[in-house]
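Student: 3D, please:
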Amino acid sequence: MNWSELIDRLAALAGLEPWYFDIQGRRHETTPAAKVLVLNALGFDISSIAAARSAIAACEEENWRRVLPPFTVRGKDDATIDLFVPAAGIGDIWSCEITLESGEERQTEFKPQQLALLGMREIDGVRFEHRRLDGLTLPIGYHRIRIGFEDRTEAILASVPSRCYLPEALAEPAERRFGLSTHLYTVRSERNWGSGDFSDLAALAQLSGESGASALALNPFHALFSAYPDEASPYSASSRLFLNPLYIDATAAPFAQTCPEIRDNASFALLREARLVDYPKVWQAKRAAFEALYLAFQDEAPQSIIADEVKAFAAERGDALESYAVFSVLEERHGRPWVQWPKELRSPQSPAVKAFARENTARLGFHRYVQFLADRQLRDAAVSARRSGMEIGLVRDLAIGINPDGADAWAQQDAFVFGLRCGAPPDEFQPRGQEWGVLPLNPLALKRNFAPFVQLLRANMRHAGGLRVDHVIGMQRIFVVPLGGDATGGCYVRYPLDELLGVLALESHRNKALIVGEDLGTVPEGFRDRMQEKNILGCAILYFERNKDGSFKPPRNYRRSAAVSAATHDLPTLAGYFEGRDIDERRRIGIYDDEAAEAAKEERRRDCERLCEAMSEAGFEISECPDEMTVELRDAIHGFLAASAAQLFLAQLDDVTGEKDAINMPGTVSEYPNWRRKLSVALEDPRLAAALRELERIASERGRG
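Tutor: Model (predicted):
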């Protein structure tokens, strides 16, 4: 093979897709340049023909050089496991010892030559045989297996259920429920400090549950960068394993009554009244409160049960919490990015980092305590949801990737690909594609060890009745963009879908968490069928649910296995949609010129009329199709969505309160106040309770369409 053929071969082995079909069905080839850039980022040496051949051999031989992979995922009903055995040892008596997660020990003996032979390969003059061991019926869980003749190979064997967990409320195909969705920081109340917090979440959960809602879907709560509070995107996290302290209600924390920094003052009132979240000022106030709370905890802890709770929390979260705390203190001292810290501090395992941790135990304790407060209050909000009668409860959100400057990237450097960024391929809306600035998990490392994925799921199903997986298509493939380039130089890379789905199913059952997958955009053929097979609800968005002629689908034609809503955080609210507020903003910013804006307005008007026609045909009478949102029209749209075949209808709180401005304007940074706009109605306002009661009435009438 010549060099080009070798690159193609290596790209196939590494999981690079040679082409993809866009949303219009057009085929796009992966360019040779993209293959070279992505292979380099994945760590392959392809500087010469000899190096490329060596890389290919390493890929092809990897499985054969070990008796079994270090982390194997198999279905609960699959009683087999594949082994790669030196031919010289196939007549020996091997032992297979399995320690179940429960602690039970199981042991068997066998001769490899008696097992089914699936293939042979010679490596460095040694012949290996691929054999299959069967009869391993195991309960679901993570078990430890030791197998071999003299030197035994040890690995993790995950036995997983065939489907994800479905709550009883949705277990029957005919069952349908409704809920609310919101971004917590937008919630306005008479007591918060200018940004919605976990006490607001508890109050909203109670109000929602009492209004008949089964679920409350929320934005990611991932920890961001405390020193840079203006970087507010919840989808560009420092850590997806820990919580954003911004959501802590300092007034509800232990020892708050002893801290003068927590008494209400005029500045808190001004922050509450502001239309936008002022992150720097909110964080300044909360940071001072957290420092005071930690001092009070240190003074009072010996006489309180809180110390035992903190100790138990730290033990439960283990090394991950310790790494996060160490990173947080290092970031306080050295700023960001961490790749520019002194060299000896860039590795979490270095002697210098361990010495730093010993020298800063009190400061590490502060960050552990802040995470304890956040976790405790999120738990209390989840309890409030359950007590209010919610059948599903809080539905948390897991972002697709992490910020390369953050805690997770520093702590788990082998788990991510630093030379790539997640993104989306070029299309007619984004001619140069998208680069989202977040790191993808390393697909090659993931195949060897699924532990980081397990840890990620557990952290985000914590205190939740459901989990929305952002860009769930990334479990099969992610469009990656080489660092410093644009999406025209990117390509799709495959991930171990079957294994990831298996682990997701296991963790969903463990945590009794409904799984919702955000499956918008270009979706591989058959992927949505796999989602339905695995009990993963898709996302059906009103604006996109169209027939081929552009008309809106009737409710009966929506997917059953889906969570339906009017929009997402990247799309206009219902009021903004009908008024074309997003188009006006794009013209103001300069994304649209006058001609493009007028064309978009004209098309939007047609779309609004199409929607009104679809609602009328479905039995929702509207006197006329107005140029702006009315209560009558909003309720009709909610009725239209509630009448759909989808099992879960999520009404956006933004629409319930009549917001016109979008939360986020994709493609902008400072040109638009992304992730800042608050709700216009406070939690305590009786109008909100009345609107939720009306929503309950609408959602209960689901027979039409």
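Student: convert the C-alpha atoms of stretch 8-23 to PDB, please.
Tutor: The C-alpha coordinates for stretch 8-23 follow below in PDB (Å, rounded to 0.1, in the frame of the first residue of the first chain):
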ATOM      1  CA  ASP A   8      -7.200   5.300   4.700                       C
ATOM      2  CA  ARG A   9      -6.600   2.000   6.400                       C
ATOM      3  CA  LEU A  10      -5.500   3.500   9.700                       C
ATOM      4  CA  ALA A  11      -8.400   6.000   9.600                       C
ATOM      5  CA  ALA A  12     -10.800   3.100   9.200                       C
ATOM      6  CA  LEU A  13      -9.200   1.300  12.200                       C
ATOM      7  CA  ALA A  14      -9.300   4.400  14.300                       C
ATOM      8  CA  GLY A  15     -13.000   4.900  13.600                       C
ATOM      9  CA  LEU A  16     -12.900   7.900  11.200                       C
ATOM     10  CA  GLU A  17     -15.900   7.800   9.000                       C
ATOM     11  CA  PRO A  18     -15.000   8.100   5.300                       C
ATOM     12  CA  TRP A  19     -18.100  10.100   4.500                       C
ATOM     13  CA  TYR A  20     -21.400  11.300   5.900                       C
ATOM     14  CA  PHE A  21     -24.800  12.300   4.700                       C
ATOM     15  CA  ASP A  22     -26.100  15.800   5.700                       C
ATOM     16  CA  ILE A  23     -29.700  16.600   6.800                       C
END
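Student: in that stretch, what counts as buried?
Tutor: For stretch 8-23, the neighbour count (16 or more other CB atoms under 10 Å) marks 8-11, 13-16, 20 as buried. In this view, the C-beta of every residue, glycine as well, is placed from N, C-alpha and C.
Student: so of the residues you listed, which ones are in strands?
Tutor: Tyr20 (DSSP state E).
Student: which of the buried residues of stretch 8-23 lies closest to Pro351?
Tutor: Ala14 (34.4 Å; CB to CB).
Student: could I get the contacting residues of that closest one?
Tutor: Residues counted as contacts of Ala14 (CB atoms under 8 Å, 6 or more residues apart in numbering) are 38-39, 42, 44, 59, 444, 493.
Student: spatially nearest residue to the residue with the largest distance to the centre of the chain (excluding sequence neighbours)?
Tutor: Largest separation from the mean C-alpha position in the chain: Gly91, at 47.9 Å (CA atoms, centre = their mean). Nearest residue to Gly91 in three dimensions, chain neighbours excluded: Gln113, at 5.4 Å (CB to CB, 6 or more residues apart in numbering).
Student: and what of Ala575?
Tutor: The nearest residue in space to Ala575 (CB to CB, 6+ apart) is Met629, at 3.8 Å.
Student: spit out the contact partners of that neighbour.
Tutor: Going by CB under 8 Å, 6+ apart, the list of residues near Met629 reads 574-575, 578-579, 658, 660.
Student: pipe the contacts of Ala14 into TSV and attach neighbour count, distance to Lys678 and secondary structure per row.
Tutor: Conversion of these to TSV gives the following (neighbours: other CB atoms under 10 Å; distance: CB to CB, whole Å; DSSP: H, G, I helix; E, B strand; the rest coil):
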residue	neighbour count	distance to Lys678	secondary structure
Val38	26	41	helix
Leu39	20	46	helix
Leu42	22	43	coil
Phe44	23	48	coil
Cys59	17	51	helix
Leu444	19	43	helix
Val493	25	39	strand
